[in-house]
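Trainee: Using only what follows, build the 3D model:
(one chain, ligands or ions: 2)
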Amino acid sequence: MDIHDFKGRAVFVAGGSSGINLGIAKAFAARGAHVAIASRSPERVAGAVAELRGLAAADARIEGYSADVRDAEAIAAALAQAHAAIGDFDVLVSGAAGNFVAPALGMSAKGFRTVIDIDLNGTFHVLRGAHAFLRKPGASVISISAPQAYNPTMYQAHVCAAKAGVDMLTRVLAMEWGPEGIRVNSIVPGPIGDTEGVRRLAPTPEALARMAASVPLGRMGTTAEIADMALFLSSRHAQFVTGAVIPVDGGSSLAGGRDLGAALAH
Ligand code: NAP
Ligand code: COA
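Mentor: Ligands and ions are numbered 1, 2, ... in the order given. The predicted structure follows:
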């Protein structure tokens with residue numbers, strides 16, 4: 001598959017009704033793919049499907065399902081319906097997630113479990129449930145991780161634990177499914193402008209400005225820049241890439257690096 005041509009290919013995006021995941025769904029739809037998305041809210045799914053249809057080829061199928069990734073049976077049913085509609089999945093994206101900012105002592109067991117259930121268990125349900133429907137060989141499986149997977153982040157104990165687990169699933173399933181010709185990778189977005197994730201972590205203009213300034217490239221990313229990596233990973237240009245956890249973050253993952261510039265002055 002050329003990076004610009006996904007005509008007739010089948011793409012399923014879990015959590016695809018908004019933000020980064022919808023941006024990925026849009027990129028594939030605009031390049032000719034059949035696209036199915038799933039998330040909880042029927043209204044959000046319907047809105048996203050309408051948006052995707054506006055971009056898609058006239059003969060492309062665009063499908064939407066209301067399902068909660070925490071419910072393994074519900075997401076398995078959505079995957080099966082999508083498979084009946086668009087055929088073997090060439091691309092599977094698992095991006096549903098939940099977040100809130102709270103110290104560990106401010107989280108109930110249910111609060112912690114809720115994020116583990118959506119991000120980590122949900123990713124397992126999506127990947128495990130989709131395996132039967134993936135193109136073999138050839139499928140590209142992508143989980144959407146987060147910098148919390150490797151940057152210990154205060155008030156994010158649930159997300160740090162969940163996304164670290166997501167990246168381990170990427171590595172283990174890349175090994176288990178490699179012999180079938182299925183590649184499994186994680187994309188780690190940096191702060192992406194105009195998304196719910198950033199609204200929760202940087203709720204004021206001052207916090208937003210600080211977040212953008214902390215990125216070595218000096219700005220927030222865009223959903224299209226994350227979609228570009230999903231297109232690359234699913235193209236013929238990435239056929240030997242699997243088990244990789246790939247930051248697309250303007251250099252944010254270098255935050256623990258050291259600047260010895262002060263020593264130069266002496
Ligand atoms: P978002 O717009 O809130 O996207 C989350 C999506 O997941 C929504 O479509 C939501 O739709 C769906 N969802 C949530 N809970 C679900 C559940 N239990 N079952 C099924 N679907 C569910 O947030 P975003 O900021 O674009 O984040 C998207 C992904 O990027 C997440 O994996 C996040 O961790 C990752 N990420 C984001 C950033 C950032 O800068 N925004 C940075 C790093 C990583 P419903 O409400 O309809 O379910
Ligand atoms: N601080 C502490 N605990 C919190 C909290 C906060 N700010 N927000 C929610 N919780 C707790 C709730 O109190 C509840 O636990 P309790 O019943 O013991 O009090 C638990 O989390 C579940 O909350 P609930 O609202 O019932 O869950 P939900 O399944 O309806 O929603 C969330 C899940 C909380 C993650 C919700 O924010 C969501 O749906 N997020 C999706 C969008 C999103 O987060 N996008 C950004 C992706 S990076």
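
Trainee: Just give the number of residues close to the closest residue to Gly218 other than its chain neighbours.
Mentor: Closest residue in space to Gly218, ignoring its immediate chain neighbours: Ala212 at 7.0 Å, by C-beta to C-beta, 6 or more residues apart in numbering. Heads up, the C-betas are built off the backbone N, CA and C, glycines and all. Residues near Ala212, counting by other C-beta atoms under 10 Å, number 18.

Trainee: OK, contacts around Ala212?
Mentor: Ala212 makes contact with Pro191, Gly218, Arg219, Met220 under the criterion C-beta atoms under 8 Å, 6 or more residues apart in numbering.

Trainee: helix or strand for it, which one?
Mentor: Counting by DSSP states H and E, the element that carries Ala212 is helix 205-213.

Trainee: do the same with Arg171
Mentor: Assigned by DSSP H and E, Arg171 belongs to helix 157-177.

Trainee: how about the helix or strand just after that helix against ligand 1, any contact?
Mentor: Next helix or strand after helix 157-177 toward the C-terminus (DSSP H and E): strand 183-189. Yes: residues of strand 183-189 contacting ligand 1 under C-beta under 6 Å from any ligand atom: Pro189.

Trainee: what is the rounded mean pLDDT of stretch 52-61?
Mentor: The average pLDDT within stretch 52-61 is 97.

Trainee: For that stretch, list every residue counted as buried.
Mentor: Judged by neighbour count (16 or more other C-beta atoms under 10 Å), stretch 52-61 contains these buried residues: Leu52, Leu55, Ala56, Ala57, Ala60, Arg61.

Trainee: Those also near ligand 2: which ones?
Mentor: Near ligand 2, by the rule C-beta under 6 Å from any ligand atom, you find none of the buried residues of stretch 52-61.

Trainee: Could you provide the residues you listed in a markdown table, with additional columns for distance to ligand 1 and secondary structure?
Mentor: Converted to a markdown table, those look like this (distance: C-beta to the nearest ligand atom, whole Å; DSSP: H, G, I helix; E, B strand; the rest coil):
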| residue | distance to ligand 1 | secondary structure |
| --- | --- | --- |
| Leu52 | 13 | helix |
| Leu55 | 17 | helix |
| Ala56 | 18 | coil |
| Ala57 | 23 | coil |
| Ala60 | 21 | coil |
| Arg61 | 20 | coil |
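
Trainee: Just give me the closest of those residues to Lys136.
Mentor: Nearest to Lys136, judged by C-beta to C-beta, of the buried residues of stretch 52-61 is Arg61 at 21.2 Å.

Trainee: That closest one and Ala85 touch, don't they?
Mentor: Yes: using C-beta atoms under 8 Å, Arg61 is in contact with Ala85, at 5.7 Å.

Trainee: Give me the nearest residue to whichever residue of the chain sits closest to ligand 2, chain neighbours excluded.
Mentor: Per C-beta to the nearest ligand atom, the residue of the chain with the smallest distance to ligand 2 is Gly98, at 2.6 Å. Once flanking residues are discounted, Gly98 sits nearest to Ile118: 4.4 Å by C-beta to C-beta, 6+ apart.

Trainee: Tell me where the protein is predicted with low confidence.
Mentor: Low-confidence segments of the chain, defined by pLDDT under 70, are absent.

Trainee: now do 90
Mentor: Counting by pLDDT under 90, the low-confidence segments of the chain come to 1-5, 255-262, 265-266.
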